[in-house]
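Asks: Sequence first, predicted coordinates after that:
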2 protein chains.
Amino acid sequence: MRLIVLTLFIFFSNISLTQTDSIFIRKIYDMALEDGHAYENLRSLCKDIGARITGSAEAKMAINWGRELLESYDFDHVYLQEIKVPHWERGTTEAAWIINEEGKVVKLNILALGGSVGTSGLIEGEVVKVESIQELEKMSEDEVAGKIVFFNRPFDQKMISTFKAYGACVDQRWGGTNAAAILNAKGVVIRSMASSHDDHPHTGSMHYEKGVAPIPGAAISTNDANRLEKWLETGSVHLKMEMDCRFYPDQISHNVIAEMMGGEDDRIITFGGHLDSWDVGEGAHDDGAGIVHAIEALRILKELGYQPNHTLRCVLFMNEENGNFGGKSYAEIAAENKEEHICAIETDRGGFLPMGFDVVGSADQLAFIRGIVGDLKAYDLLKFNPGYGGVDIGPLLKYYPAMIQLGLNVNSQRYFDYHHSEADVFESVNKRELELGAAAMAAMIYLVDQNL
Amino acid sequence: MRLIVLTLFIFFSNISLTQTDSIFIRKIYDMALEDGHAYENLRSLCKDIGARITGSAEAKMAINWGRELLESYDFDHVYLQEIKVPHWERGTTEAAWIINEEGKVVKLNILALGGSVGTSGLIEGEVVKVESIQELEKMSEDEVAGKIVFFNRPFDQKMISTFKAYGACVDQRWGGTNAAAILNAKGVVIRSMASSHDDHPHTGSMHYEKGVAPIPGAAISTNDANRLEKWLETGSVHLKMEMDCRFYPDQISHNVIAEMMGGEDDRIITFGGHLDSWDVGEGAHDDGAGIVHAIEALRILKELGYQPNHTLRCVLFMNEENGNFGGKSYAEIAAENKEEHICAIETDRGGFLPMGFDVVGSADQLAFIRGIVGDLKAYDLLKFNPGYGGVDIGPLLKYYPAMIQLGLNVNSQRYFDYHHSEADVFESVNKRELELGAAAMAAMIYLVDQNL
């Protein structure tokens, strides 16, 4: 039934793109660019709190920060949604070095991968370089046991979408340590999944399969990876490393939620980003930007006196980075409560120039979205293609397979210069680009609410 | 005749977008992103030379730098084209301050506008704030004479294209000092035409009409303009300023040119940016980026063994910023030599993410361009709309009104944070975005050369 309505809609969509839509969207952009709160809110999240990994004191502060900010905007409801989350900490010791041919100590900058075990004191091993998990798996245990495996396959600079380049190398970070553990390696270091050549490592999540005795894994900077690669060309290299990262017992944490209520239609449009970040930098692009995008979108719609048709629900998800228990629990609770979810929109690709929205849905749903976004061309939102929604909203699809999911698509060129590293700070975000992202979110929520 | 050919072409253009095109364009991007010279060339221009205003020693060094670099790539021809240029210098004294209500000196950061006369010692006057030249022109000479006029109309943050926002306020910088001089003001300060709120002024060109006795004009930073505006709300403000900028006699300078020769078709495709910059910062985005884009585009085409159909001429124009004698002379010399120019492509909007090309031409020419760029969608080049080519290539239209002009269109959101200020340095340019700009230029030159 709905599909027929959608199909008819597509034919008449030009009629629905009334002057009212275009005037309202212009007002959204005017408010975002001239009287916006997004930039100051991001400054506050980055500077008043900073890095906020799940389970940390800062994550708790961020939950409080989010609730207080949302309450200050006087939305219909603001509440916390209880969830259980993992609690991993980097600890205080994190060091690696080699002794070079002249007997000199050369320090390598490392960051434990999120979820890694510590080293239990200093470990040392000969470095074995591989370019892929597949290459490692072809090796015998004799070649690997007791050594430090160095995963070296770089970020492919030739790809135009840096997310694709990231996707093409990140298996080393996620599964490389586990694969090396199976062959009884002592530890793993991984070339950072970064588009830039710099001295700071980029961390991120990893996992151990059940039954595998865990070994420690760490990221090294792209520059250090280049040096290590060079040293290995001329002889064997012994690497020492020490890390005291570890898991603590699971904790209770929260998603932070704000709602504007619709009329009679109580179906739900969810939108948001993730409140947690990695424990280095300030989580400015990942995903402070998405958090302030989502909050600002709801603020602008309210400030402009908009009366939504559906429930507009802004969710600041916890624990996207290492477990996604915020997103998983949100979807479970929604299903338990028999809520009706029709659309979810995520923003988790940084505070860069928005270019459109990725669409997760059927061909008809893609055509529906393309049919309602004509007014967004004036704002350089030109890309509405099949793609990815987001990690946080992904689990909703299990319970609501017929829903539409959208992911804010932004200029990806700089994201992996900063991603999961100490460089992801407030100063790396451009005010206008951040504000345009918030406006794009508000405009998209408005168009979906009006037309779905 | 040619129009008929063009029109026919449009209908069959899909046929010409062969796999060969798409493979060749992929090679261009691969080389730009993986083995590119653009970023290192920009570093060298910015750090080995730096700011290079027309007439300066650095401008002469930049001419030499450009010729040597182009010669190192072994193009068919590399030569200098002699032109006459103005020579204005900022001098060594540049200061402004007010004495506030408590009798304290408060310094304002100023930059003389390019082409301004100096103050001939310290000048002082009461500040008269206006929001436009029109507002000033409605005032009587009594209200203005002997005072310092403060042009305060800000950059309109609501506009999506920052070039439009710049265009909507830059008349104050270009004509404000002249308008104030007519009413016998003592001097002028102008709120910087900048998208950012910061402490550094953004300079740029201004002019005096014939017969007007010139008075000095300077830019103040956006933050200082905000403070000045506030002070003026509570009472009168006296401003003191001193500048010893001045013109020197005209000089001989040069455009720097490199060519790859075509087959039998000796019609010319010109492309380039401008080698001069303002005298603050390093001219990284304006227009070091354009210079290395253009050089890299020709290098890549040569390196890939491309045999052009037409003459591909890369021009590093001198003196775009304060006179455009490079562009004007280039066009005059072309006409004198009876050269046949069919297309010119300029890159002068910074080293940011490329989004397409503005097209200057007839409806048929616009359709022609849209017909040949299908392969560029994969590289996120989606905007091919009527617009502006560029200052340097503009004068060619006087002699070749039937030619097509194209301007590389890039993400404009950050450009006016840096423009004409000390912030326009190498570090503000992203490597991948710069390289994508060079690839976009090479791909566009290739497509035009193949199809025109």
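Replies: Yep, it's here.

Asks: Need phi/psi at the most far-flung residue of chain A relative to its centre.
Replies: Relative to the mean C-alpha coordinate of chain A, counting by CA atoms, centre = their mean, the farthest residue is A:E102 (42.9 Å). Per-residue torsions, A:E102: phi -90, psi 10 (degrees, to the nearest 10).

Asks: A:L382 now?
Replies: Main-chain dihedrals, A:L382, degrees, to the nearest 10: phi -120, psi -10.

Asks: my guess is it contacts A:G356, does it?
Replies: Yes: taking contacts as CB atoms under 8 Å, A:L382 lies within contact range of A:G356: 5.8 Å. From N, CA and C alone the C-beta is placed, and that goes for glycine too.

Asks: more crowded one of these two?
Replies: Neighbours per residue (other CB atoms under 10 Å in any protein chain shown) separate A:L382 from A:G356, with A:G356 holding more: 24 against 17.

Asks: Give me the nearest residue to the more buried one, chain neighbours excluded.
Replies: A:K383 (3.1 Å; CB to CB, 6 or more residues apart in numbering or on different chains).

Asks: go on, A:I333?
Replies: If you skip the residues right next to it in sequence, A:I333 has A:Q81 as its closest partner in space, 6.5 Å away by CB to CB, 6+ apart.

Asks: show me what contacts the residue of the stretch 201-350 of chain A found nearest chain B?
Replies: The minimum distance from the stretch 201-350 of chain A to chain B, using CB to the nearest CB, falls at A:T222 (12.3 Å). A:T222 makes contact with A:154-155, A:191-192, A:194, A:196-198, according to CB atoms under 8 Å, 6 or more residues apart in numbering or on different chains.

Asks: Using CSV, lay out the residues you listed together with distance to chain B and secondary structure.
Replies: Conversion of those to CSV gives the following (distance: CB to the nearest CB, whole Å; DSSP: H, G, I helix; E, B strand; the rest coil):
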residue, distance to chain B, secondary structure
A:P154, 10, coil
A:F155, 11, coil
A:R191, 16, strand
A:S192, 16, coil
A:A194, 12, coil
A:S196, 7, coil
A:H197, 8, coil
A:D198, 11, coil
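
Asks: can you tell me which residues contact A:R313?
Replies: Under the criterion of CB under 8 Å, 6+ apart, the contact partners of A:R313 comprise A:257-259, A:268-271.

Asks: Take these and keep only those in strands.
Replies: When these are checked against strands (DSSP state E), the matches are A:257-259, A:268-271.

Asks: give me phi/psi at A:Y79?
Replies: Taking degrees, to the nearest 10 as the convention, A:Y79 sits at phi -150, psi 160.

Asks: Relative to A:R67, how far out is it?
Replies: Relative to A:R67, A:Y79 is positioned 8 Å away (CB to CB, to the nearest Å).

Asks: Now do the shared contacts for A:L382 and A:G356.
Replies: Common neighbours of A:L382 and A:G356 are not found (criterion: CB under 8 Å, 6+ apart).

Asks: what number of residues lie near A:E435?
Replies: A:E435: 26 surrounding residues under other CB under 10 Å.

Asks: picking that back up, I figured the residue nearest to A:G356 hits A:P354, correct?
Replies: No: counting by CB under 8 Å, A:P354 is not a contact partner of A:K383; they are 9.3 Å apart.

Asks: Please identify which of these two sits among more neighbours.
Replies: Neighbours of A:K383 and A:P354, each counted by other CB under 10 Å, are more numerous for A:P354; the result is 28 against 17.
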